[in-house]
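Visitor: Sequence plus the predicted model coming up.
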Number of protein chains: 2
Amino acid sequence: MKAEIIAVGTELLLGQIVNTNAQYLSRELAALGIDVYYQTVVGDNLERIQDALRLSSSRADIVLLSGGLGPTQDDLTKDALAAFLGRTLHIDRMAMDAIERFFRERGTPMTENNRRQALAIEGGTPLPNETGLAVGNAVSSDDVHYIVLPGPPKELMPMFEQQAKPWLMQHVLTHEQPIYSKMLKFAGIGESSLDERLQDLITAQTDPTIALYAKEGEVTVRISTKAPSESEAMDKLDGLEAKIRERASAFMYASEDVPIEKVIVDLMADRGWTLSAAESCTGGLVMESLTSVPGSATMFRGGVVCYTNEMKEKLVHVPHGLLEGEGAPGAVSREVAEVLAEHVRMITDSDFGLSVTGVAGPGYAERKPVGLVYIGLAERGKETEVHELHLQGNRETIRIRATKALLYRLWRRLMAARGES
Amino acid sequence: MKAEIIAVGTELLLGQIVNTNAQYLSRELAALGIDVYYQTVVGDNLERIQDALRLSSSRADIVLLSGGLGPTQDDLTKDALAAFLGRTLHIDRMAMDAIERFFRERGTPMTENNRRQALAIEGGTPLPNETGLAVGNAVSSDDVHYIVLPGPPKELMPMFEQQAKPWLMQHVLTHEQPIYSKMLKFAGIGESSLDERLQDLITAQTDPTIALYAKEGEVTVRISTKAPSESEAMDKLDGLEAKIRERASAFMYASEDVPIEKVIVDLMADRGWTLSAAESCTGGLVMESLTSVPGSATMFRGGVVCYTNEMKEKLVHVPHGLLEGEGAPGAVSREVAEVLAEHVRMITDSDFGLSVTGVAGPGYAERKPVGLVYIGLAERGKETEVHELHLQGNRETIRIRATKALLYRLWRRLMAARGES
């Protein structure tokens, strides 16, 4: 079963708003096992909406339209669909009653153009609007099914969920199987390296299917299958997950769609472990990421942003001799990363202490190159680990990559610690 | 001049991401006076990308493609465009050098599939990628101009701004009158309040035009005009800017597109003023925002994230009696915000000290409601100011709004201090 989405609205073509409806509807259709092959945006123009309908109906079984149901002369979606199908429009009595009631209760006079919002297509099913005035429509013609939805997301979403989806299930999807998905999350590995490790699985994929998506410092693998029941789907998905995990177990931190900081906070809260951090070039980004997770107050104690050498001495007691003077390794060094992690852990009496010191750029510091970053990880009673990173990108990217690298190392360490305890 | 935008990516059709690139490009094209009639989204499929190209090139003068330039076998945009135009692909030497350098500096081996990111279309202009690896392309054929851009917004936006836009101006828009714009930036005021203050100007607008865009905690007003020369354009834009400033001078922090933290860093660096911060509920976001600005090392000394009461005592010497015990105001209070700002200023010996303490939620702390936040601002030799905020939204929004509110107060204070000195 193939579907297309046509969003109608000149405001989309001017870039005044972003097309979140297409995302919502695509996700909902995917969950119903319906493939979306195209999304189109077209302006408030009678001819061009009909052109879009002609094209979509030649390619798809289901065409969803959003927007252009308002009261003004620019709102032309139903007119265009009716003209395209060669059908008439009539006022839907129930929708009209709701509109009249709305204005009566508000005590304001209804203007004539508001009647347009009650229009329904001949031979179709009006879809009531629980959160607005414009009625939706569902209509079938020549084996293509059209669904007309309002543009505002807070009207479109409930109408799709409560009206359009049941209509589709009852009239269109009578023989389809639902689709089930699982998201596997990876850190510490790039998209192309992961792609290579999974190459044979990706090439051979038929059911379940595999798709990779990369964000800065993390990769998501989505595996999906159609099945008559959830348990049958999960059997297939779990089988593939095991094979994927086998090929990249050191990098897979979750089998649901969560950021690595959430996994870290949960792991630490669960064990009663506490954490602190001393940040130089990341300027607070590591602590900000961790504290963005609800519940982080139970494991995160606090920390320090020590941007200058003076503050590294004053706030984290880094020996002056490491920072300045002849033969000193300098602020951006393995030695300082180590001391920062260990001292912040001791000052805050935490189980783990993190540190970052490096050159985020632009410009050079201590004649060290932009992108050179040291990350440190101290653990109570254990050896401190320090990693040297050579990061690419602009200031922002380097800061994000350093943060993600440190969180990945912390996750590895926590997994090891959990194994020991 | 008509344009279309084709976004390539199955992740868009699955609803996993929202098509913000189409919004960005539409807005940029509108600013260049180019009409966008259609936006299309198509999956990672060689045939269907070519079908989309066939249709768009039959309707438009300019076709922008985004996405599908990555290293994997699913990334097919350049292959599809080359096949559609009947041209070959070759490795662009400069792009390949950059990719090889990236892997060399990182010390990781380059996988073979990364070479795909250096592909360029025969007879076209490669567009360098300043923030990523995949090279873009601009190519003209049969009076239609094609521009191929990477999918990640962080790569697409700078490539459009620095490469594609100049190429369009030079090769395509040669007879158009150039459009000039100015961005006026506001903080401390909401979009609808600003809209009301500017209502008469917005209603009467013909030339220059006025458009408002809101982001969390800031509003941008873009004023634009077409003119034969920059000086004529600036005369018109400056005149309108003066009228707008008159109506909202307490909130307008810049007449170029910069974040408020950039204005703060520049103002302070210019005067040799120094800054520090003590953050509780924002967890480092204030310091992270300020240190995201290049050059912040000259004015930002450092600070503390004191997430727990114990750390507020230990790291910032907040008296125990303010935090706990009968009649204590508690961590989320005017008193603690004041002490945090003053103490962190003194500990770091800075000219200004900032503080945030509040309830970002979810869940209640000290039986105080989610959204209650106190922000403090201490200045050497001056009275400390504290503001009580009642913020709406989820955890993330509350943290951002508290940060923006504090930065706005700091900017006001710096403007006043500059007036005095």
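Guide: Ah, there it is.
Visitor: going forward, measure contacts and count neighbours with C-alpha atoms only.
Guide: Noted.
Visitor: Okay, now the unreliable bits of chain A?
Guide: Residue ranges of chain A with pLDDT under 70: A:363-365, A:421.
Visitor: switch the cut-off to 80
Guide: Applying pLDDT under 80 to chain A flags the ranges A:31, A:72-74, A:106-108, A:174-179, A:205, A:213-215, A:363-366, A:420-421.
Visitor: Which parts of it belong to which domain?
Guide: Chain A breaks down by automatic domain parsing into domains covering A:2-171, A:179-254, A:260-420.
Visitor: can you redo those as a markdown table with mean neighbour count?
Guide: Formatted as a markdown table, the domains of chain A follow (neighbours: other CA atoms under 10 Å in any protein chain shown):
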| stretch | mean neighbour count |
| --- | --- |
| domain A:2-171 | 19 |
| domain A:179-254 | 17 |
| domain A:260-420 | 21 |
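Visitor: Redo these as CSV? Include distance to chain B.
Guide: Compiled in CSV, the domains of chain A are given as follows (distance: least, CA to the nearest CA, whole Å):
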stretch, distance to chain B
domain A:2-171, 4
domain A:179-254, 6
domain A:260-420, 4
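Visitor: Now render these as TSV, adding distance to residue B:193.
Guide: Output for the domains of chain A, formatted as TSV (distance: least, CA to CA, whole Å):
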stretch	distance to residue B:193
domain A:2-171	19
domain A:179-254	36
domain A:260-420	30
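Visitor: looking at those, which is closest to residue B:300?
Guide: Closest of the domains of chain A to residue B:300 is domain A:260-420, at 7.0 Å (criterion: CA to CA).
Visitor: distance between that closest one and the chain's centre?
Guide: 27 Å (CA atoms, centre = their mean, to the nearest Å).
Visitor: Please apply the same query to stretch A:9-18.
Guide: Its chain's C-alpha centre and that of stretch A:9-18 lie 22 Å apart, by CA atoms, centre = their mean.
Visitor: Quote the end-to-end distance of stretch A:265-280.
Guide: Distance across stretch A:265-280, first residue to last, is 22 Å (CA to CA, to the nearest Å).
Visitor: With stretch A:127-144 instead?
Guide: For stretch A:127-144, the end-to-end distance is 18 Å (CA to CA).
Visitor: Just give the nearest non-adjacent residue to residue A:26, would you?
Guide: In this structure, residue A:26 finds its nearest non-sequential neighbour in residue B:15, 4.7 Å apart by CA to CA, 6 or more residues apart in numbering or on different chains.
Visitor: Would you confirm that that neighbour belongs to a helix?
Guide: No: counting by DSSP: H, G, I helix; E, B strand; the rest coil, residue B:15 falls outside a helix, being coil.
Visitor: So it sits against residue A:23, correct?
Guide: Yes: using CA atoms under 8 Å, residue B:15 is in contact with residue A:23, at 4.2 Å.
Visitor: secondary structure class for the closest residue to residue A:176 other than its chain neighbours?
Guide: Distances taken as CA to CA, 6+ apart place residue A:33 nearest to residue A:176, at 7.4 Å, with adjacent residues excluded. Three-state assignment for residue A:33 (three-state DSSP): coil.
Visitor: wait, what's in contact with residue A:33?
Guide: Counting by CA atoms under 8 Å, 6 or more residues apart in numbering or on different chains, residue A:33 touches A:1, A:176-179, A:226.
Visitor: Distance to residue B:91 and secondary structure for these - can I get that in CSV?
Guide: Shown next, in CSV, are those (distance: CA to CA, whole Å; DSSP: H, G, I helix; E, B strand; the rest coil):
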residue, distance to residue B:91, secondary structure
A:1, 39, coil
A:176, 45, coil
A:177, 44, coil
A:178, 43, coil
A:179, 40, strand
A:226, 40, strand
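Visitor: between these, which is closest to residue A:349?
Guide: Closest approach to residue A:349 among those (CA to CA): residue A:179, at 48.8 Å.
Visitor: out of everything not next to it in sequence, what's closest to the closest one?
Guide: With CA to CA, 6+ apart, the residue lying closest to residue A:179 is residue A:226, at 4.2 Å.
Visitor: So that neighbour is in contact with residue A:209, correct?
Guide: No: Residue A:226 is beyond contact range of residue A:209, at 9.7 Å (criterion: CA under 8 Å).
Visitor: Which neighbouring residues are in contact with the residue nearest to residue A:179, exactly?
Guide: By CA under 8 Å, 6+ apart, the contact list for residue A:226 reads A:33, A:177-180, A:208, A:233.
Visitor: if we take those, which one ends up nearest to residue B:296?
Guide: Closest to residue B:296 out of the contacts of residue A:226 is residue A:180 (48.1 Å), distances taken as CA to CA.
Visitor: for the closest one, what are its contacts?
Guide: Taking CA under 8 Å, 6+ apart as the test, what residue A:180 contacts is A:31, A:224-227, A:230, A:233-234.
Visitor: let's see 10 Å
Guide: Residue A:180 sits next to A:30-33, A:208, A:223-230, A:232-234, A:236-237 when contact means CA atoms under 10 Å, 6 or more residues apart in numbering or on different chains.
Visitor: one step back: any common contacting residues for residue A:226 and residue A:209?
Guide: By CA under 10 Å, 6+ apart, residue A:226 and residue A:209 have these common neighbours: residue A:181.
Visitor: what do residue B:15 and residue A:23 both touch?
Guide: Joint contacts of residue B:15 and residue A:23 (CA under 10 Å, 6+ apart) are residue A:29.
Visitor: Kindly check the end-to-end length of stretch A:107-121 for me.
Guide: Stretch A:107-121 has an end-to-end distance of 30 Å (criterion: CA to CA).
Visitor: In chain A, where's the longest helix?
Guide: In chain A, with assignment by DSSP state H, the single longest helix is helix A:395-420.
Visitor: Okay, helices next: where are they in the stretch 251-400 of chain A?
Guide: All helices of the stretch 251-400 of chain A, identified by DSSP state H, counting those that start in this stretch, fall at A:260-271, A:285-291, A:309-316, A:320-323, A:334-347, A:395-420.
Visitor: got a markdown table for the ones you listed, with distance to residue B:388 too?
Guide: Formatted as a markdown table, the helices of the stretch 251-400 of chain A follow (distance: least, CA to CA, whole Å):
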| stretch | distance to residue B:388 |
| --- | --- |
| helix A:260-271 | 30 |
| helix A:285-291 | 22 |
| helix A:309-316 | 29 |
| helix A:320-323 | 40 |
| helix A:334-347 | 31 |
| helix A:395-420 | 31 |
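Visitor: what about these, which gets the closest to residue B:134?
Guide: With CA to CA as the criterion, residue B:134 lies closest to helix A:395-420 of these, at 15.9 Å.
Visitor: could you give the angle of that closest one to helix A:260-271?
Guide: Calculated by axes from the mean of the first three to the mean of the last three CA atoms, to 10 degrees, helix A:395-420 forms an angle of 30 degrees with helix A:260-271.
Visitor: circling back: which one, of the domains of chain A, ends up nearest to residue B:348?
Guide: In terms of CA to CA, the element of the domains of chain A nearest to residue B:348 is domain A:260-420, at 7.1 Å.
Visitor: Endpoint to endpoint, that closest one covers what distance?
Guide: End-to-end distance for domain A:260-420: 21 Å, by CA to CA.
Visitor: Stretch A:378-387 too?
Guide: 12 Å.
Visitor: contacts for that stretch?
Guide: Stretch A:378-387 is contacted by residues A:275-277, A:333-346, A:349-356, A:373-377, A:405-406, A:409-410, A:413-414, A:417 when judged by CA under 10 Å, 6+ apart.
Visitor: rerun at 7 Å
Guide: Stretch A:378-387 is contacted by residues A:334, A:337-338, A:341-342, A:351-354, A:374-377 when judged by CA atoms under 7 Å, 6 or more residues apart in numbering or on different chains.
Visitor: Over to stretch A:250-267?
Guide: Surrounding stretch A:250-267, the residues in contact under the criterion CA under 7 Å, 6+ apart are A:182-189, A:245, A:289-290, A:293, A:296, A:299, A:407, A:411.
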